[in-house]
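Asker: Structural data only, the sequence is not supplied:
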């Protein structure tokens, strides 16, 4: 059974059909890509699966369990971690706090611990902090732990988002254009991090990306979305040579 | 041009001299020594305060560092400054400097024993100094109590408006609920009264039941908060501001129309239980609990709600729960403060929990600084001292204070001391390296 299974998902914004008959099945440890021109509905698909919108039709199951209708935080706790296309960091908070907060689901000390500082709280806070530092080490920004995020360069902010998403202990990681706006140097680092996360933590990864090089290098299978519909699905080579894709997406890029 | 730059040069060098002097002599003085210094100054004032004041031409020792007389009799400003220097500043500096080394060793010893013990020792010393200082004059006792209560209210509103970034206007309503609940309970059970009849329980145990009464008042406020929170936290935006403002007015007019609690005339006859130590202990508990909450990962979810609720939700945080818990928690402390206020003044009327109270509390929060425990304390103390100083202006005070708030909003939008963490450990540990590392 697939880890994440989406069947016949359709979504309307009022009269506008944003996603039509979308199907997806991701296995454990797989890297899957989703490409498509601007406005094709890629981010909408992310938002539908992570519970920000509720699909008009269709079913979504994670590990065989239905997740349609759950709140976003419940879906996140079940194992879908995500990053956002335009960074959604908490601007007054330190890097360390970001990664600590994403472990909210682990907190067991409750209100009594929060109000009165019980020994259980101190122990758990320590565990959370240790784990947070581990993750910061993994994405290579441990030395920035005490900085406030707004003071960081763009590439580092992207890494904070990555570490924060990993801190939720996901089974599958949704990356919404993780390399957008990056210079070639940062791009190389980010791809390295994605590979490393994939290998070390054994996560499945679902990736939206505009840069062909990134998707083609990283993904095992790629879907192409145009106006909310999947027009092609296959390995990078198949996608590259698919006439429909070239016409709808790659072809335009070559012309310009 | 050159003249201007020269004066700036001169001024900077003056301040740098002061700073160097301070760093050289006082950078290693721990909090413990400052508290002892304050105690010595308070004792000194009790012994020679009034004679000294008469000697330099004042009728008696100034009540609040001369804040009260600044506008009433400006001619007394120079003697007041002299008084402050001789009675407060010099003894404090002298004592702090003299016992600095010794108190560092003591602070280190206490700190190693346990942080809790050390904190309690510091608080005890602080209370003793405050008690002696306030004992000089009855008016001081009242002002200190009101300032301590203002700290509680400011802090609890800062939790909602600062830490969580929602705009709540219901604090006067919560305080009114707390004040009336506490008053009714204590009069009903422990006082022979014409409206509520004879005391149901022996008045002697009233003092011991007071904490329970206050906790009940806080709980009643929390229930009131639930009524505001359920409809307004479904979405974000201005809904909370509108609904909470309505709540304040509803509570006020509800009480005004309840004849049993005296209607607009108010309710009097609360027993004299809110003594200075009682108020002090409650305030310290409030600061401690709120500081615990805002520094825990659980409490920091408030900041995540403020800075990006969608991201918080995607990071497993149950934001609805955070908002509910925080709002009810803040209302609890507003209720407790209200209950204490009723017993400090021994009179309570609905008129004092209206829009003016709201302006006052908001002013203290935004003056002191959002998202900061220290800021709230500074805001409450600073605002109250200022408002005492402006008291002779009567109603015009309410023109000057809003103007001041507007200026602060323009030049320091988040307040004087915003976005800081209040770490008690840092405050009470010894200041020199040797003792800290020992």
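Answerer: Right, received. Where do you want to start? Note that this is a predicted model, so its numbers are computed, not measured.

Asker: Report the secondary structure state of the spatially closest residue to residue A:24 that is not a sequence neighbour.
Answerer: The shortest distance from residue A:24 to any non-neighbouring residue, by C-beta to C-beta, 6 or more residues apart in numbering or on different chains, is to residue A:6 (4.1 Å). From N, CA and C alone the C-beta is placed, and that goes for glycine too. Here residue A:6 is strand, with the state taken from DSSP: H, G, I helix; E, B strand; the rest coil.

Asker: Contacts only, for residue A:6.
Answerer: Taking C-beta atoms under 8 Å, 6 or more residues apart in numbering or on different chains as the criterion, residue A:6 is in contact with A:22, A:23, A:24, A:25, A:49, A:58, A:59, A:60.

Asker: List buried residues within those.
Answerer: Buried members of the contacts of residue A:6, counted by 16 or more other C-beta atoms under 10 Å in any protein chain shown: A:22, A:24, A:49, A:58, A:60.

Asker: what pLDDT does residue 136 get?
Answerer: Picked chain A for this. At residue A:136, the pLDDT value in this model is 95.

Asker: actually chain B
Answerer: Reported pLDDT for residue B:136: 88.

Asker: Tell me the secondary structure of it, please.
Answerer: coil.

Asker: In space, what's closest to the residue of the stretch 51-200 of chain B found nearest chain A - neighbours in sequence excluded?
Answerer: Nearest residue of the stretch 51-200 of chain B to chain A (C-beta to the nearest C-beta) works out as residue B:165 at 9.5 Å. Counting by C-beta to C-beta, 6+ apart, the nearest residue to residue B:165 once its immediate chain neighbours are dropped is residue B:306, at 2.9 Å.

Asker: Could you double-check that the one you found sits in contact with residue B:160?
Answerer: No - the pair residue B:306 / residue B:160 is not scored as a contact, 10.2 Å apart, by C-beta atoms under 8 Å.

Asker: CSV please, covering the contacts of residue A:6 and showing secondary structure and pLDDT.
Answerer: Shown next, in CSV, are the contacts of residue A:6 (DSSP: H, G, I helix; E, B strand; the rest coil; pLDDT from 0 to 100):
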residue, secondary structure, pLDDT
A:22, strand, 94
A:23, strand, 94
A:24, strand, 94
A:25, strand, 93
A:49, helix, 95
A:58, strand, 93
A:59, strand, 94
A:60, strand, 95
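
Asker: out of those, who's nearest chain B?
Answerer: Nearest to chain B among these, with distances taken as C-beta to the nearest C-beta, is residue A:49, at 11.3 Å.

Asker: Roughly how far does residue B:345 sit from residue A:202?
Answerer: Residue B:345 is 65 Å from residue A:202, where distance means C-beta to C-beta, to the nearest Å.

Asker: Tell me which of those two has more neighbours.
Answerer: residue B:345 (19 against 10; other C-beta atoms under 10 Å in any protein chain shown).

Asker: does residue B:388 sit in a helix or strand, and which one?
Answerer: In the assignment (DSSP states H and E), residue B:388 maps to helix B:373-389.

Asker: how about the residues of the stretch 51-200 of chain A near chain B?
Answerer: A:52, A:71-73, A:76-77, A:82, A:84, A:88-93, A:97, A:100-105, A:107, A:109-111, A:113-117, A:121, A:125, A:128, A:164-165, A:167-168 (C-beta under 8 Å from any C-beta of the partner chain).

Asker: list the buried ones in stretch A:114-123?
Answerer: A:114, A:115, A:117, A:121.

Asker: so for that stretch, what's the average pLDDT?
Answerer: 92.

Asker: Now tell me what touches it from outside.
Answerer: A:108, A:109, A:112, A:113, B:289, B:292, B:293, B:296, B:298, B:299, B:329.

Asker: Of those, keep whichever come out buried.
Answerer: For the contacts of stretch A:114-123, buried by 16+ other C-beta under 10 Å: A:109, A:113, B:289, B:292, B:293, B:296, B:298, B:299, B:329.

Asker: I'd guessed residue A:242 sits against residue A:232; true?
Answerer: Yes - with contact defined as C-beta under 8 Å, residue A:242 reaches residue A:232; the gap is 4.7 Å.

Asker: okay, and the common contacts of these two?
Answerer: residue A:224.

Asker: Could you pick out the longest helix of chain A?
Answerer: Looking across chain A with DSSP state H, the single longest helix is helix A:119-138.

Asker: Toward the C-terminus, what is the element adjacent to that one?
Answerer: Assigned by DSSP H and E, the successor of helix A:119-138 is helix A:154-167.

Asker: could you give the angle of that following helix to helix A:119-138?
Answerer: 130 degrees (axes from the mean of the first three to the mean of the last three C-alpha atoms, to 10 degrees).

Asker: Packing partners of the helix or strand that comes right after helix A:154-167?
Answerer: Tracing the chain past helix A:154-167, the next element assigned as helix or strand by DSSP H and E is strand A:172-176. Strand A:172-176 sits against helix A:42-49, strand A:80-82, helix A:154-167, strand A:204-208, with contacts defined as 3 or more C-beta pairs under 8 Å, 6 or more residues apart in numbering or on different chains; DSSP states H and E.

Asker: Would you mind telling me which of those is nearest residue B:87?
Answerer: Proximity to residue B:87, assessed across the helices and strands packed on strand A:172-176 by C-beta to C-beta, is greatest for helix A:154-167 (52.8 Å).

Asker: what's the angle between the closest one and strand A:172-176?
Answerer: 150 degrees.

Asker: Report pLDDT for the residue nearest to residue B:165.
Answerer: pLDDT recorded at residue B:306 is 92.

Asker: Now do the helix or strand where residue B:53 lies: everything it contacts.
Answerer: Residue B:53 is part of helix B:31-55, with elements assigned from DSSP H and E. Identification of contacts with helix B:31-55 by C-beta under 8 Å, 6+ apart yields B:59-62, B:79, B:83, B:86-88, B:91-96, B:99-100, B:103-104, B:106-107, B:110, B:121-122, B:125-126, B:128-130, B:132-133, B:135-136, B:427-428.

Asker: Cool, thanks, signing off.
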